[in-house]
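K.L.:
3D model of this:
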Amino acid sequence: MRADPSEGRPAGTLSKLNSRELLDLLRDGNEQAGSRLFARYLPLLHRWGHRRLPRWTRGAVDTADVVQDALLHTFRRLPSFEAERDGALLGYLRRTLINRIRDQFRLAARRPAPVQLDGNQAGQDASPLDIAITLETRERYRRALTRLRANDRNAILARLEHGFTYEQLALILRKPTAEAARLAVRRALVRLAREMERG
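P.N.:
A predicted model of the protein is given here:
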(Lines give C-alpha, C1' and ligand atoms only; values in the text may rest on other atoms or scores of the structure.)
Protein backbone atom coordinates (compact mmCIF):
# COMPACT_ATOMS: atom_id res chain seq x y z
CA MET A 1 0.00 0.00 0.00
CA ARG A 2 1.32 3.43 -0.98
CA ALA A 3 2.05 5.90 1.83
CA ASP A 4 0.28 9.25 1.87
CA PRO A 5 2.83 11.79 0.54
CA SER A 6 1.47 14.48 2.83
CA GLU A 7 1.93 12.22 5.85
CA GLY A 8 3.88 13.90 8.58
CA ARG A 9 2.99 17.40 7.31
CA PRO A 10 0.86 19.56 9.61
CA ALA A 11 -2.49 20.74 8.21
CA GLY A 12 -2.18 24.00 6.30
CA THR A 13 1.46 23.47 5.30
CA LEU A 14 0.40 22.81 1.68
CA SER A 15 -0.29 26.51 1.27
CA LYS A 16 3.38 27.21 2.08
CA LEU A 17 4.73 24.93 -0.64
CA ASN A 18 5.73 26.25 -4.05
CA SER A 19 4.03 25.02 -7.20
CA ARG A 20 6.73 22.50 -8.08
CA GLU A 21 6.46 20.88 -4.64
CA LEU A 22 2.66 20.77 -4.90
CA LEU A 23 2.99 19.29 -8.37
CA ASP A 24 5.27 16.55 -7.05
CA LEU A 25 2.76 15.78 -4.28
CA LEU A 26 -0.05 15.67 -6.83
CA ARG A 27 1.91 13.18 -8.95
CA ASP A 28 2.37 11.06 -5.82
CA GLY A 29 -1.40 10.92 -5.38
CA ASN A 30 -2.12 13.79 -3.00
CA GLU A 31 -5.43 15.22 -4.21
CA GLN A 32 -5.25 18.05 -1.67
CA ALA A 33 -2.12 19.29 -3.44
CA GLY A 34 -4.15 19.44 -6.69
CA SER A 35 -6.93 21.37 -4.96
CA ARG A 36 -4.35 23.76 -3.51
CA LEU A 37 -2.85 24.37 -6.97
CA PHE A 38 -6.32 24.93 -8.40
CA ALA A 39 -7.20 27.42 -5.63
CA ARG A 40 -3.85 29.20 -6.05
CA TYR A 41 -4.14 29.80 -9.77
CA LEU A 42 -7.88 30.30 -10.24
CA PRO A 43 -8.04 33.97 -9.09
CA LEU A 44 -4.84 34.88 -10.98
CA LEU A 45 -6.09 33.35 -14.22
CA HIS A 46 -9.55 34.83 -13.79
CA ARG A 47 -8.14 38.38 -13.58
CA TRP A 48 -5.70 37.70 -16.39
CA GLY A 49 -8.34 36.11 -18.64
CA HIS A 50 -10.98 38.77 -17.97
CA ARG A 51 -8.71 41.45 -19.43
CA ARG A 52 -8.05 39.36 -22.53
CA LEU A 53 -11.57 38.16 -23.27
CA PRO A 54 -13.22 40.88 -25.40
CA ARG A 55 -16.53 42.36 -24.32
CA TRP A 56 -18.36 41.15 -27.42
CA THR A 57 -17.70 37.50 -26.45
CA ARG A 58 -18.68 37.94 -22.82
CA GLY A 59 -22.39 37.76 -23.56
CA ALA A 60 -21.93 34.30 -25.06
CA VAL A 61 -19.54 32.97 -22.41
CA ASP A 62 -18.53 33.82 -18.87
CA THR A 63 -14.84 34.47 -18.08
CA ALA A 64 -15.06 32.13 -15.07
CA ASP A 65 -16.27 29.31 -17.33
CA VAL A 66 -13.35 29.75 -19.74
CA VAL A 67 -10.82 29.88 -16.88
CA GLN A 68 -12.24 26.81 -15.17
CA ASP A 69 -12.30 24.93 -18.46
CA ALA A 70 -8.64 25.81 -19.05
CA LEU A 71 -7.69 24.76 -15.50
CA LEU A 72 -9.52 21.45 -15.71
CA HIS A 73 -8.00 20.75 -19.11
CA THR A 74 -4.53 21.47 -17.73
CA PHE A 75 -4.98 19.53 -14.50
CA ARG A 76 -5.83 16.39 -16.44
CA ARG A 77 -2.39 16.63 -18.05
CA LEU A 78 -0.43 17.57 -14.92
CA PRO A 79 0.87 14.08 -14.16
CA SER A 80 2.90 14.23 -17.39
CA PHE A 81 3.86 17.93 -17.02
CA GLU A 82 7.50 18.62 -16.12
CA ALA A 83 8.11 21.97 -14.45
CA GLU A 84 11.65 23.08 -15.29
CA ARG A 85 11.39 26.33 -13.33
CA ASP A 86 9.11 27.91 -10.74
CA GLY A 87 6.90 29.87 -13.16
CA ALA A 88 6.56 27.03 -15.68
CA LEU A 89 3.16 25.88 -14.42
CA LEU A 90 1.70 29.39 -14.51
CA GLY A 91 3.06 29.84 -18.04
CA TYR A 92 1.51 26.53 -19.07
CA LEU A 93 -1.84 27.55 -17.54
CA ARG A 94 -1.77 30.93 -19.30
CA ARG A 95 -0.98 29.27 -22.63
CA THR A 96 -3.92 26.90 -22.16
CA LEU A 97 -6.17 29.83 -21.24
CA ILE A 98 -5.08 31.76 -24.34
CA ASN A 99 -5.98 28.74 -26.48
CA ARG A 100 -9.41 28.55 -24.82
CA ILE A 101 -9.96 32.28 -25.40
CA ARG A 102 -9.04 31.82 -29.07
CA ASP A 103 -11.61 29.04 -29.25
CA GLN A 104 -14.19 31.49 -27.88
CA PHE A 105 -13.19 34.04 -30.57
CA ARG A 106 -13.85 31.42 -33.23
CA LEU A 107 -17.18 30.40 -31.73
CA ALA A 108 -18.33 33.99 -31.25
CA ALA A 109 -17.36 34.85 -34.84
CA ARG A 110 -19.58 32.03 -36.13
CA ARG A 111 -22.59 33.13 -34.11
CA PRO A 112 -24.63 36.18 -35.04
CA ALA A 113 -24.43 39.08 -32.62
CA PRO A 114 -27.18 38.97 -30.01
CA VAL A 115 -30.04 41.38 -30.64
CA GLN A 116 -32.06 42.87 -27.81
CA LEU A 117 -35.75 42.33 -28.51
CA ASP A 118 -38.53 44.49 -27.21
CA GLY A 119 -42.27 44.04 -27.38
CA ASN A 120 -42.63 46.57 -30.23
CA GLN A 121 -40.45 44.74 -32.74
CA ALA A 122 -42.46 43.24 -35.58
CA GLY A 123 -41.86 39.67 -36.64
CA GLN A 124 -40.73 38.66 -40.10
CA ASP A 125 -43.59 36.22 -40.62
CA ALA A 126 -47.01 37.19 -41.85
CA SER A 127 -49.54 37.66 -39.09
CA PRO A 128 -52.69 35.52 -38.99
CA LEU A 129 -54.64 38.58 -40.18
CA ASP A 130 -52.28 39.09 -43.13
CA ILE A 131 -52.64 35.42 -44.05
CA ALA A 132 -56.42 35.62 -43.83
CA ILE A 133 -56.52 38.80 -45.96
CA THR A 134 -54.18 37.25 -48.51
CA LEU A 135 -56.29 34.09 -48.72
CA GLU A 136 -59.48 36.10 -49.02
CA THR A 137 -57.97 38.36 -51.69
CA ARG A 138 -56.68 35.38 -53.63
CA GLU A 139 -60.11 33.75 -53.55
CA ARG A 140 -61.78 36.98 -54.72
CA TYR A 141 -59.16 37.21 -57.50
CA ARG A 142 -59.95 33.68 -58.68
CA ARG A 143 -63.69 34.24 -58.64
CA ALA A 144 -63.37 37.57 -60.49
CA LEU A 145 -61.04 35.98 -63.04
CA THR A 146 -63.61 33.33 -63.95
CA ARG A 147 -66.18 36.05 -64.63
CA LEU A 148 -63.99 37.84 -67.20
CA ARG A 149 -64.09 37.26 -70.96
CA ALA A 150 -61.55 34.72 -72.21
CA ASN A 151 -59.37 37.40 -73.92
CA ASP A 152 -59.11 39.47 -70.71
CA ARG A 153 -58.47 36.37 -68.59
CA ASN A 154 -55.71 35.20 -70.98
CA ALA A 155 -54.09 38.66 -71.00
CA ILE A 156 -53.97 38.78 -67.17
CA LEU A 157 -52.73 35.21 -66.74
CA ALA A 158 -50.06 35.57 -69.41
CA ARG A 159 -48.74 38.84 -67.93
CA LEU A 160 -49.15 38.37 -64.16
CA GLU A 161 -48.81 34.64 -63.63
CA HIS A 162 -46.53 33.63 -66.49
CA GLY A 163 -44.51 36.86 -66.75
CA PHE A 164 -44.59 37.19 -70.53
CA THR A 165 -43.22 40.42 -72.01
CA TYR A 166 -45.46 42.73 -73.98
CA GLU A 167 -43.73 41.66 -77.19
CA GLN A 168 -44.58 38.03 -76.39
CA LEU A 169 -48.11 39.04 -75.38
CA ALA A 170 -48.60 40.74 -78.74
CA LEU A 171 -48.10 37.35 -80.40
CA ILE A 172 -50.22 35.44 -77.87
CA LEU A 173 -53.11 37.94 -77.89
CA ARG A 174 -52.79 38.56 -81.65
CA LYS A 175 -52.15 42.30 -81.20
CA PRO A 176 -50.28 44.32 -83.83
CA THR A 177 -47.71 45.83 -81.38
CA ALA A 178 -46.32 45.47 -77.85
CA GLU A 179 -48.04 48.76 -76.97
CA ALA A 180 -51.40 47.36 -78.08
CA ALA A 181 -50.77 44.28 -75.88
CA ARG A 182 -49.94 46.56 -72.91
CA LEU A 183 -53.21 48.46 -73.36
CA ALA A 184 -55.15 45.19 -73.60
CA VAL A 185 -53.61 44.00 -70.30
CA ARG A 186 -54.37 47.36 -68.68
CA ARG A 187 -58.03 47.25 -69.73
CA ALA A 188 -58.28 43.64 -68.53
CA LEU A 189 -56.88 44.61 -65.11
CA VAL A 190 -59.41 47.44 -64.76
CA ARG A 191 -62.22 44.96 -65.46
CA LEU A 192 -60.67 42.49 -62.98
CA ALA A 193 -60.58 45.18 -60.27
CA ARG A 194 -64.27 45.94 -60.82
CA GLU A 195 -65.13 42.25 -60.59
CA MET A 196 -63.10 41.88 -57.40
CA GLU A 197 -64.98 44.78 -55.81
CA ARG A 198 -68.19 42.91 -56.43
CA GLY A 199 -66.78 40.03 -54.37
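K.L.:
Can you tell me what sits against stretch 63-73?
P.N.:
Residues external to stretch 63-73 that are found in contact with it (Cβ atoms under 8 Å, 6 or more residues apart in numbering): 38, 41-42, 45-46, 49-50, 53, 93, 96-97, 99-101, 104. To be clear about C-beta, it is placed using only N, CA and C from the backbone, and glycine gets the same treatment.
K.L.:
Looking at those, which are in helices?
P.N.:
Those of those mapping onto helices are 38, 41-42, 45-46, 49-50, 93, 96-97, 99-101, 104, per DSSP state H.
K.L.:
Kindly indicate the member of those residues with the most neighbours.
P.N.:
residue 97 (25 neighbours; other Cβ atoms under 10 Å).
K.L.:
Now for it: which residues touch it?
P.N.:
Taking Cβ under 8 Å, 6+ apart, one finds 45, 48-49, 52, 66-67, 70 in contact with residue 97.
K.L.:
among these, which ones are buried?
P.N.:
Buried members of the contacts of residue 97, counted by 16 or more other Cβ atoms under 10 Å: 45, 48-49, 66-67, 70.
K.L.:
Let me know the closest of those residues to residue 190.
P.N.:
residue 66 (67.2 Å; Cβ to Cβ).
K.L.:
Helix or strand: which one has that closest one?
P.N.:
Of the helices and strands defined by DSSP states H and E, residue 66 is found in helix 63-77.
K.L.:
hmm, back to that, from the ones in helices among the contacts of stretch 63-73, which is closest to residue 196?
P.N.:
Using Cβ to Cβ, the ones in helices among the contacts of stretch 63-73 come closest to residue 196 at residue 104, 57.4 Å.
K.L.:
Check that closest one and give its pLDDT.
P.N.:
As predicted, residue 104 sits at a pLDDT of 68.
K.L.:
Please apply the same query to residue 5.
P.N.:
44.
K.L.:
Now do the helix holding residue 66, average pLDDT.
P.N.:
On average, helix 63-77 scores 77.
K.L.:
What are the buried residues along that helix?
P.N.:
Buried, per 16+ other Cβ under 10 Å, within helix 63-77: 63, 66-71, 74-75.
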